[in-house]
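1. Build me a model:
(one chain, ligands or ions: 1)
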Amino acid sequence: MKRIVLFILVIILNQYSLSAQEGQFKEKEVFRNDDVVFRQIDGHTWVGTGKLVSNESMYLIEGNDKAILIDAGTKIAGLDKIVKSLTTRPVILIATHVHPDHTGTAVNCFPEIYLNAADIPNVPMFMPNYKGTIKYLKDGEIFDLGGRQIEVVFTPGHTPGSTSFIDKDAAYGFSGDAFNSYLLLTTNFSTLIASCERMADTLKKFGITHFYTGHYYGGDVGTLQLLNNMITLSKDILTGRREGKTNPGGMLGLNKSANAYGITINYSDAQMK
Ligand SMILES: [Zn+2]
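-> Prediction:
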């Protein structure tokens, strides 16, 4: 099992274009060690950047009473102590989805992790050594952090359990790998289109102009335009107007890759519904 995880990680590492540069961050750096850099988005929100899988991102969101850590990176020693140096509030760990660059070894620093139940079938493969308690996220549930509320929005597509989080007060969204200019589609196009439409409605409803992705390079936030482009490309592929190029080495068995409107969707014939 460990070999499979390692194999998948190596594929992910090879496929994402790993840049020697960290990115173009405007956010102020507040913590750095060999595994991770944390930067401040605002006085109560931080982004952590891992170094192993294309800037795998973690987001620390603090309210008056509690804080949430969205994702745990790939391999970050003592992540619990690092976040404790940034916030004095008790920290709840939540994963956007089950993949190992979001639920890596640092999950073991936390006694509990919240995850969408639809990703549970892949827990034995991607989180085989987790000894803590897995709690299930509920669609529409609100985490009240004290003066700051984070709403859970299920956005399947990348994985069946991919989940986004909406911070209505700060007008931020956090989407993991659900919406990105480089997408791996492991469910199907209809599911993806529905999630893009739902997220687009959510952004409009709450006046959110951008959302943070699971691989943030600084400035490259998700927008309504990105969602609309993802919908257009998905429909192009589904209707046969556009076909992806064959990509035999595609990760997760996704052997086709379509690129247009500034985005790439990796899929296979199994996703054509
Ligand atoms: Zn992923």
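
2. mind listing what the residue of the stretch 101-250 of the chain found nearest the ion touches?
-> The nearest approach of the stretch 101-250 of the chain to the ion comes at D177, 3.8 Å away (Cβ to the ion). (C-beta placed from N, C-alpha, C; glycine too.) Going by Cβ atoms under 8 Å, 6 or more residues apart in numbering, D177 touches 96-97, 99, 102, 158-159, 162, 183-184, 213-215.

3. Once you drop chain neighbours, what's closest to V98?
-> Leaving aside its sequence neighbours, V98 sits nearest to D119 (Cβ to Cβ, 6 or more residues apart in numbering; 3.9 Å).

4. And for H44?
-> In space, and not counting its chain neighbours, H44 is closest to E62: 4.2 Å by Cβ to Cβ, 6+ apart.

5. Does that neighbour touch K84 like I think?
-> No. Counting by Cβ atoms under 8 Å, E62 does not reach K84; the two are 11.7 Å apart.

6. Which one's more surrounded, these two?
-> Using other Cβ atoms under 10 Å as the criterion, E62 and K84 rank with E62 on top: 24 against 14.

7. Do you have the helices of the stretch 51-200 of the chain handy? List them.
-> 79-86, 123-126, 189-206 (DSSP state H, counting those that start in this stretch).

8. could these go into TSV alongside distance to Y136 and mean pLDDT?
-> Shown next, in TSV, are the helices of the stretch 51-200 of the chain (distance: least, Cβ to Cβ, whole Å; pLDDT from 0 to 100):
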stretch	distance to Y136	mean pLDDT
helix 79-86	22	97
helix 123-126	12	95
helix 189-206	19	97
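
9. can you list the ones you listed in a markdown table and add distance to the ion?
-> Formatted as a markdown table, those follow (distance: least, Cβ to the ion, whole Å):
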| stretch | distance to the ion |
| --- | --- |
| helix 79-86 | 18 |
| helix 123-126 | 9 |
| helix 189-206 | 14 |
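
10. among those helices, which is nearest T223?
-> Closest approach to T223 among the helices of the stretch 51-200 of the chain is made by helix 189-206 (8.2 Å; Cβ to Cβ).

11. For the closest one, report the contacting residues that lie outside it.
-> Contacts of helix 189-206 (Cβ under 8 Å, 6+ apart): 153-157, 162, 164, 166, 168, 171, 173, 175, 178-179, 183, 185, 208-209, 211, 224, 227-228, 230-231, 234-235, 237-238, 265, 267, 271-273.

12. Contact partners for the closest residue to the ion within the chain?
-> At 3.4 Å from the ion, H99 is the closest residue in the chain, using Cβ to the ion. Under the criterion of Cβ under 8 Å, 6+ apart, the neighbours of H99 are 126, 159, 177.

13. Now do the contacts for P248.
-> P248 makes contacts with N255, as judged by Cβ under 8 Å, 6+ apart.

14. returning to that earlier point: bridged to the residue nearest to H44, which residues?
-> Beta-bridge partners of E62, counted by DSSP bridges, are A67.

15. Residues of this structure that sit close to the ion?
-> 99, 177 (Cβ under 5 Å from the ion).

16. Let me know how buried P128 is, in neighbour terms.
-> P128 has 12 neighbours, counted by other Cβ under 10 Å.

17. Please apply the same query to N129.
-> N129 has 10 neighbours, counted by other Cβ under 10 Å.

18. That one and T103 touch, don't they?
-> No. Using Cβ under 8 Å as the test, N129 is too far from T103 to be in contact (10.7 Å).

19. one step back: wait, which of the contacts of H99 is closest to K51?
-> Nearest to K51 among the contacts of H99: D177, at 17.6 Å, using Cβ to Cβ.

20. Compute the distance between that closest one and S57, please.
-> Distance from D177 to S57, counting by Cβ to Cβ, to the nearest Å: 10 Å.

21. and if you look at I76?
-> Counting by Cβ to Cβ - I76 and S57 are separated by 12 Å.

22. which neighbours do the two share?
-> Jointly contacting I76 and S57 under the rule Cβ under 8 Å, 6+ apart are 48, 50.

23. Give the PyMOL command for selecting the buried subset of the contacts of helix 189-206.
-> This is how PyMOL selects the buried members of the contacts of helix 189-206, with burial counted by 16 or more other Cβ atoms under 10 Å:
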select buried, resi 153+154+155+156+157+162+164+166+168+173+175+178+179+183+185+208+211+224+227+230+231+234+237+238+265+267+271
